[in-house]
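Novice: Quick one: sequence and predicted model below, then my questions.
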Amino acid sequence: MTGTSRTRAELADLLGSRRIEHVVVLGANGAMGYGSGAVFTTVVPRVTFLARTKERAAQGLKSAIHAVRSSTVANHVDTGDYEGSFDEAVSKADLVFEALTEDLDIKRRMFERVDKVRRPDSIVATVSSGLSINALAEGRSESFKKHFLGLHFFNPPNVIVGAELIAGKATDPKLVEFVDAFATKKLGRVMIRTADRPGFAGNRVGFKVLNEAAQLAEEHGPVLVERLVGPYTGRAMTPLATIDLVGWEIHRAIVDNIYDNAADEAHATLKLPGYMDSLIEEGTLGTKSGRGFFKTENKVKLVLDPKTSGYRPLAEVKLPDLRFIDEIAKLHHDGRYKEAMQVFMDAPGDWAALARKVVAGYVSYAFHRVGEVTETIAGIDDIMGFGFNWAPPSVLVDVIGVKETVHMIERSKLPVPRVLADVAKSGTSKRFYTNPHGNVGRFFVAG
């Protein structure tokens, strides 16, 4: 389930096995559609942006140019719609890249159309963030199933290089090898192979933490939660701000899929909070709708009160004494990461304990997914590091220490992964983070 290292000769052989000269992007007006389309234009001569209308596709092109700040994108893109341009474009494509909304039925209806007109050897890839690859291909032709897989980029794909590759049970293994090589060598992706499980690897682990933060916000308020689970814990962006950026309705689709289809040991943390469900129905979608956990009115920053669904000025929110966070952030700034996390482990009080519980849950949950979503912890490490820009779970274990991590998990009354328990019991020293290209320091932000 994880990618393999290859020699230059092996990569050359794989890349020479077929050519990708025309990519069709379905849903090109959406952020993932136009963002991925922009990435493809860097190596593919022709990229066709399709949307419900040609105007929407043209807007997608405009957004792609803006995203990468280069008008050269337009030199490789033509636009069209699902009525007048679909059959001709898809029938000539080497790769059909589907980026529609995260809805199983909508995607399956689109794949039915694709199946009728695609070339027998064309690749069909979905950028789905966690829907079953096998379920999406259900009812399709054998040729379609053989050439169908998940190619999950992370948003924005022109910035974030982590990507997941998910084969279906009928996907041709040689095709998987080719797409892996193409995405790695040509598109500059850090590829992680994952199993066809709800949320795959990145979103399965990442959205567990995001949704837990949303649950905690109902009781403690968004501002306090953002501070407690902030950059000093090893993440580039705070969790609730991330949900606002991703979009509340997308967050709901991802966590609902995992909650409904993966009854694991942390099942309760993946239940969408009721206040979010209600507010989504009223049009609260995060940044795209102008309001989420945070919004701005008349240049005043406001924060949501989940208990009342109202907003109040951010400046009026009073926080408890959290000086331990400032101390940790200063140590991070000086590159003293082990000392910083020792302060984190020793910090007194209920708020520090709550922050440790969230971090302990992240580490515990990630290690318990090994063998289910990836073959080794390295796959989860890489997608969290290069997909979410979070400190990989193994990095946290290495910086905190194995025994200390086990103790943190136990104090939080969470299940201890066997591999951590065994190493802690043996007394041996073991480094868990193995990626030679991962700079541990980049994961800890001084703030």
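Specialist: It's in. None of these values were measured; they are calculated from a predicted model.

Novice: Distance check, E281 against E249.
Specialist: If you measure E281 against E249 using CB to CB, to the nearest Å, the figure is 10 Å. From N, CA and C alone the C-beta is placed, and that goes for glycine too.

Novice: In terms of neighbours, single out the busier of those two.
Specialist: Set side by side, E281 and E249 give different neighbour counts by other CB atoms under 10 Å, the larger being at E249 (19 against 9).

Novice: now what about the host helix or strand of that one, what contacts it?
Specialist: Counting by DSSP states H and E, the element that carries E249 is helix 248-261. Taking CB atoms under 8 Å, 6 or more residues apart in numbering as the criterion, the residues outside helix 248-261 that touch it are 102-103, 129-132, 198-199, 203-204, 207-208, 210-211, 214, 243, 267, 270-272, 276-277, 279-280, 284-286, 292.

Novice: hmm, try it at 7 Å
Specialist: Where contact means CB atoms under 7 Å, 6 or more residues apart in numbering, the residues beyond helix 248-261 that reach it are 102, 129-131, 198-199, 203-204, 207, 210-211, 243, 267, 270-272, 276-277, 280, 284-286, 292.

Novice: Can I have the buried ones of these as a ChimeraX selection?
Specialist: Isolation of the buried members of the contacts of helix 248-261 (16 or more other CB atoms under 10 Å) is achieved in ChimeraX through the command below:
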select :102,129,130,131,198,199,203,204,207,210,211,243,270,272,276,280,284,285,286,292
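
Novice: The contacts of helix 248-261 in helices, which ones?
Specialist: When these are checked against helices using DSSP state H, the ones located there are 203-204, 207, 210-211, 243, 276-277, 280.

Novice: and the spatially closest residue to A266 that is not a sequence neighbour, what does it touch?
Specialist: Closest residue to A266 apart from its sequence neighbours, by CB to CB, 6 or more residues apart in numbering: Y365 at 5.3 Å. When the contact criterion is CB under 7 Å, 6+ apart, the partners of Y365 are 205, 208, 266.

Novice: Make TSV out of the residues you listed and add neighbour count, pLDDT and distance to F386.
Specialist: Putting those into TSV (neighbours: other CB atoms under 10 Å; pLDDT from 0 to 100; distance: CB to CB, whole Å) gives the following:
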residue	neighbour count	pLDDT	distance to F386
V205	28	98	13
K208	23	98	19
A266	21	97	23
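
Novice: Now flag whichever of those is closest to F40.
Specialist: Checking the contacts of Y365 against F40 by CB to CB gives V205 as the nearest, at 27.4 Å.

Novice: how deep is P313 tucked in, by neighbour count?
Specialist: Once other CB under 10 Å is used to define contacts, P313 is seen to have 11 neighbours.

Novice: isn't it right next to L304, touching?
Specialist: No. The criterion here is CB atoms under 7 Å, and P313 misses it with L304 at 12.0 Å.

Novice: who's in contact with the closest residue to V161 other than its chain neighbours?
Specialist: Here the nearest residue to V161 in space, its sequence neighbours aside, is V190; by CB to CB, 6+ apart that works out to 5.1 Å. Listed by CB under 7 Å, 6+ apart, the contact set of V190 reads 161-163, 382, 386.

Novice: Contacts only, for A38.
Specialist: Under the criterion of CB under 7 Å, 6+ apart, the contact list for A38 reads 64, 67-68, 73, 158.

Novice: ignore the last one, P45
Specialist: Counted by CB under 7 Å, 6+ apart, P45 has contacts 21, 76.

Novice: again, 8 Å this time
Specialist: 21-22, 76.

Novice: Drop anything exposed from those.
Specialist: Restricting those to buried positions leaves 22, 76, with burial counted as 16+ other CB under 10 Å.

Novice: closest to Y337 among the contacts of P45?
Specialist: Lowest distance from Y337 to these (CB to CB) belongs to H76, with 42.6 Å.
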